[in-house]
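build me a model:
(one chain, ligands or ions: 1)
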Amino acid sequence: MKHETKPVSPAAALAVLRPSACPGLVRVVPARDGGLCRIRLPGGVLSAARARALADAALTHASGVLELTNRANVQIRGVRTGEEAALSATLIGAGLGPAGIDAASPVERMCAADELRNVMLSPLAGLDPNAWCDTTEVAAALIDMMQREPRFAALSPKFALQLDGGECMAMLEHAHDIWLAALPHGATVRFAVGLVGCPTAQPIGMLAAEDVCASVRALLHAFLDLAGTDATRMRDVLAAHSLEALLQRAQQHGDFTLMHDDAALRTWHRAASPADLRLGAHALHADGRGYVGAQPALGRIDAHTLRALAALAEDSGNATLRVTPWQGVLLPDVRARTMPAALERLRALGLVVSRTDPLARLIACTGSTGCAKSRADTKADAQRLAALLPPGAEAHLTGCERSCAAAHRAPFTLLASAPDHYDLYQRDDTQSGFGQRFGRLVARNLTIEAAAPALAQRPRSAQDV
Ligand code: SF4
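Residues are numbered from 1 along each chain as shown. All right, here's what the predicted structure looks like:
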């Protein structure tokens with residue numbers, strides 16, 4: 001008797017071969033409003049052509065709603081059941097997949113290559129003439145190295161690296177498993193290296209630029225050697241093993257050339273990244289050429305607006321967009337005389353272009369319309385809060401403790417306790433640890449109207465810029 005075998009869907013195959021709840025290009029995960037597909041953008045770079053392809057795919061296979069994420073990626077919401085594989089194939093065909101991967105590649109290989117693209121760069125990587133170096137080539141080499149080494153497919157989809165070239169704008173609040181930051185060293189550039197943090201933290205040493213790939217490779221092998229079954233992040237390994245044990249293990253994996261005792265490293269500190277640089281028009285060159293920054297309200301954008309942004313990037317800039325880790329977007333290479341008109345078009349599209357706009361200072365997770373875990377409609381509540389937000393106040397609304405919208409501790413966090421009600425936390429950098437994830441509990445079970453006046457108080461933090 002002949003047995004017919006049913007084709008296995010990519011999601012079903014991945015659930016067995018590479019289980020994870022993290023959405024990706026081929027791992028479209030279910031949510032309350034349909035499937036969720038995350039497209040990783042190395043360096044946040046998105047050409048106008050690919051932005052159009054994304055918008056078309058979101059309309060053809062999903063609800064037409066997209067989100068910019070706090071890792072400078074894009075996700076498509078509301079993917080229709082049964083259209084997941086077609087969506088992934090369309091996106092890969094548009095060049096939005098990992099390099100060297102096509103739609104015929106085995107799904108677990110595609111997925112691993114996709115998930116090994118978690119390298120955070122400045123949105124101004126390769127654009128800021130005052131940066132110490134252009135990190136885009138080093139980042140491409142790091143991603144290529146990780147994708148080539150079969151063992152690194154075992155890294156968690158959340159395992160993340162940061163590569164900082166010293167640009168005037170950088171994400172300096174998200175903790176990364178490994179971070180590297182350029183610093184001047186005589187006539188050359190070297191990289192400070194740190195673990196479980198970002199470039200404002202204490203480095204563990206310094207690398208020559210030419211040693212970055214081999215040394216990160218050795219560190220990743222050492223991490224995997226020491227990681228127990230439940231250890232997915234560097235902090236887990238360092239909770240169970242000393243830093244010395246990790247570094248000794250790295251020495252066994254080829255060239256690991258960490259330098260410690262160096263005056264340039266001892267005196268180095270990462271300059272702050274002013275929040276005002278994220279929005280509006282900013283010159284980078286003596287002739288006034290620079291970039292224009294904007295953000296869609298609460299990180300959400302529809303496909304038609306994304307198409308309009310692609311057209312604007314072609315008309316005013318260099319036909320690319322840069323997605324930022326503040327759920328915003330930059331148009332690079334805009335001439336000084338073009339900037340006012342570009343800003344006006346961004347405003348007309350409904351994007352926020354100034355920090356004085358309350359929506360520039362609010363973030364909210366998907367909330368109960370898209371996520372079954374949410375105890376409140378955080379997006380709608382954030383819109384209500386925008387009308388009441390005190391000048392200068394910043395807040396994060398989250399539907400549950402997972403804090404999908406913010407990888408950092410916001411000055412104020414409103415954690416949903418029930419529909420329309422929130423517990424209010426205030427950042428206090430004198431406290432640390434998971435129990436203090438959002439800071440100090442200020443009040444319980446507040447309505448948005450009751451919470452708003454409390455946000456006028458300045459948070460206790462040295463990180464405000
Ligand atoms: S933070 Fe919680 S409620 Fe909000 S999207 Fe994430 S899992 Fe859902």
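
quick one, what contacts the closest residue to residue 299 other than its chain neighbours?
Leaving aside its chain neighbours, residue 299 sits nearest to residue 327 (3.4 Å; criterion: CB to CB, 6 or more residues apart in numbering). C-betas here are computed from N, CA, C, even on glycine. Applying CB atoms under 8 Å, 6 or more residues apart in numbering to residue 327 gives the contacts 67-70, 295-296, 298-299, 363.

by neighbours, which of the residues you listed wins?
residue 68 (27 neighbours; other CB atoms under 10 Å).

isn't it right up against residue 328?
Yes: counting by CB atoms under 8 Å, residue 68 does reach residue 328; the two are 6.7 Å apart.

shared neighbours of these two, which are they?
Joint contacts of residue 68 and residue 328 (CB under 8 Å, 6+ apart) are 295-296.

tell me the residues of the protein that contact the ligand?
365-366, 371, 373-374, 398-400, 402-404 (CB under 6 Å from any ligand atom).

about what we covered before: which one of the contacts of residue 327 is nearest residue 414?
Nearest to residue 414 among those: residue 363, at 10.6 Å, using CB to CB.

what's the spacing between that closest one and residue 19?
29 Å (CB to CB, to the nearest Å).

do a quick rundown of the helices in the protein.
Secondary structure of the chain by DSSP state H: the helices cover 10-17, 48-61, 84-93, 107-115, 136-148, 212-226, 234-240, 243-251, 263-267, 303-316, 339-348, 378-386, 448-451.

how close does residue 120 sit to residue 258?
Distance from residue 120 to residue 258, by CB to CB: 21 Å.

could you do residue 200 as well?
20 Å.

next, the residue sitting nearest the centre point of the chain: phi, psi?
Centroid-nearest residue in the chain, with CA atoms, centre = their mean: residue 71, separated by 0.5 Å. Main-chain torsions, residue 71, degrees, to the nearest 10: phi -110, psi 20.

the closest residue to the ligand within the stretch 1-150 of the chain and residue 299: what is the separation?
Relative to the ligand, the nearest point of the stretch 1-150 of the chain is residue 31 (8.4 Å; CB to the nearest ligand atom). Residue 31 sits at a distance of 15 Å from residue 299 (criterion: CB to CB).

low-scoring stretches of this structure, by residue?
1-9, 429-435, 458-465 (pLDDT under 70).

domain ranges for it?
132-165+172-267, 276-352, 360-456 (automatic domain parsing).

ends of the shortest one, what's the gap?
Just to be clear, that refers to domain 276-352. 12 Å (CA to CA, to the nearest Å).

also stretch 384-396?
With CA to CA as the measure, stretch 384-396 spans 13 Å from end to end.

what does that stretch contact?
Outside stretch 384-396, the residues within contact range by CB under 8 Å, 6+ apart are 356, 358-359, 361-364, 397, 403, 405-406, 410-414, 448-449, 451-453, 455-456.

same thing with stretch 210-228?
138, 141-142, 145-146, 149, 151-152, 154-155, 161, 177-178, 180, 191, 193, 207, 234, 236-237, 240-241, 245-247, 249-258.

quick one: closest of the helices of the chain to residue 288.
Short answer: helix 339-348, nearest of the helices of the chain by CB to CB, at 8.1 Å.

just want the angle from that closest one to helix 303-316.
Helix 339-348 and helix 303-316 are oriented at 180 degrees to each other (axes from the mean of the first three to the mean of the last three CA atoms, to 10 degrees).

can you mark which positions in helix 339-348 are buried?
If you call a residue buried by 16 or more other CB atoms under 10 Å, then helix 339-348 has these buried ones: 339, 342-343, 345-346.

thinking again about what came up before, what's the residue nearest to the residue of the stretch 1-150 of the chain closest to the ligand when sequence neighbours are not counted in contact with, if anything?
Of all residues beyond its chain neighbours, the one nearest residue 31 is residue 370 (5.4 Å), with distances taken as CB to CB, 6+ apart. For residue 370, the contact set (CB under 8 Å, 6+ apart) comprises 31-33, 77.

got the contact list for the residue in the stretch 201-350 of the chain positioned nearest to the ligand?
For the stretch 201-350 of the chain, the residue closest to the ligand is residue 299, as judged by CB to the nearest ligand atom, at 11.5 Å. For residue 299, the contacting residues are 67-70, 327, 363, 405, by CB under 8 Å, 6+ apart.

of those, which is the nearest to residue 308?
residue 68 (14.9 Å).

perfect, I'm done here.
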